[in-house]
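Visitor: Sequence below, structure please.
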Amino acid sequence: MQLLLLAKAPVPGRVKTRLCPPWTYEQAAVVAAAALADTIDALTATAAVARTLVVDDELGAPPPGWCLTGQRGGPLDERIAAAYRDTALPGVASLLVGMDTPQLTPAHLGHAAERLGGADAVLGPAADGGWWLLGLRDPCAGTAVAGVPMSTARTAADTVAALRGHGLSVAMTATLRDVDTVADAVAVAAASPHGRFARTVAGLAAGAAR
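Guide: Next up, the predicted model:
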């Protein structure tokens, strides 16, 4: 199994802008950086033959044991398809996640990998109708995602339909909550109180209460 992390560089004004207001662009970027760091930690602690950061901008040197590549294409669906294609390893399945679910754990990823053992694809739905994980036994099947509208309340359902339309069997894994709004951030931090993300959100909440 190869692990892919599709990520944005935590640049103020470019990440987590739906947190603003009440938070500033700079604060939202700090939250994004914490979410990215916790996600990297979870993937690093998960057994894999390779781990690759697929970034949209300069992010500096990758963490130890990680590869780094750039995102290609225009809309998100095209960039996801390109991420699978650009990192494909012969005979190795790929699991792709984003940086919006810092509460994910190696157990979540392990369960998804188990589900992929009996299907061509595994999808982890998000509570808002999107998805937080897509695993493909054959990464070349990522072309099925191209053309699927992203960031809608039907993204997960449309992705499943697209995969099945390409003749792939699809298994489902756990539903997680994406961090898009401040309410999401507070709920995710409360449910997973350890790590950089929870500490960052708690610090911002404490500052706002003063």
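Visitor: Which elements pack onto the strand or helix carrying Asp86?
Guide: Assigned by DSSP states H and E, Asp86 falls within helix 76-87. With contacts defined as 3 or more Cβ pairs under 8 Å, 6 or more residues apart in numbering; DSSP states H and E, helix 76-87 has these neighbours: strand 2-7, strand 50-55, strand 67-70, strand 94-97. Where you see a C-beta, it was placed from the backbone N, CA and C, and this is true even at glycine.
Visitor: Can you tell me which of those strands is packed in deepest?
Guide: strand 94-97 (a mean of 25; mean count of other Cβ atoms under 10 Å).
Visitor: and that strand, which strands flank it?
Guide: strand 2-7 (parallel), strand 131-136 (antiparallel) (DSSP bridges).
Visitor: Could you list the residues in contact with the last one?
Guide: Residues outside strand 131-136 that contact it (Cβ atoms under 8 Å, 6 or more residues apart in numbering) are 80, 84, 93-98, 100-101, 104, 108-109, 112-113, 115-116, 120-126, 142, 145, 155-156, 159, 173, 176, 178.
Visitor: sorry, back to before: which outside residues touch the helix holding Asp86?
Guide: 2, 4, 6, 50, 52, 54, 56, 67, 69, 71-73, 94, 96, 134, 136, 139-151.
Visitor: who wins for proximity to Leu168 among the helices and strands packed on helix 76-87?
Guide: strand 94-97 (13.6 Å; Cβ to Cβ).
Visitor: ok, then the element right after the closest one?
Guide: helix 106-116.
Visitor: relative to strand 2-7, how tilted is that next one?
Guide: With axes from the mean of the first three to the mean of the last three Cα atoms, to 10 degrees applied, the angle from helix 106-116 to strand 2-7 works out at 120 degrees.
Visitor: in helix 106-116, what counts as buried?
Guide: His108, Leu109, Ala112, Ala113, Arg115, Leu116 (16 or more other Cβ atoms under 10 Å).
Visitor: As CSV, those residues with distance to Thr24 and pLDDT would be great.
Guide: Shown next, in CSV, are the buried residues of helix 106-116 (distance: Cβ to Cβ, whole Å; pLDDT from 0 to 100):
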residue, distance to Thr24, pLDDT
His108, 31, 98
Leu109, 33, 98
Ala112, 35, 98
Ala113, 38, 97
Arg115, 40, 97
Leu116, 40, 96
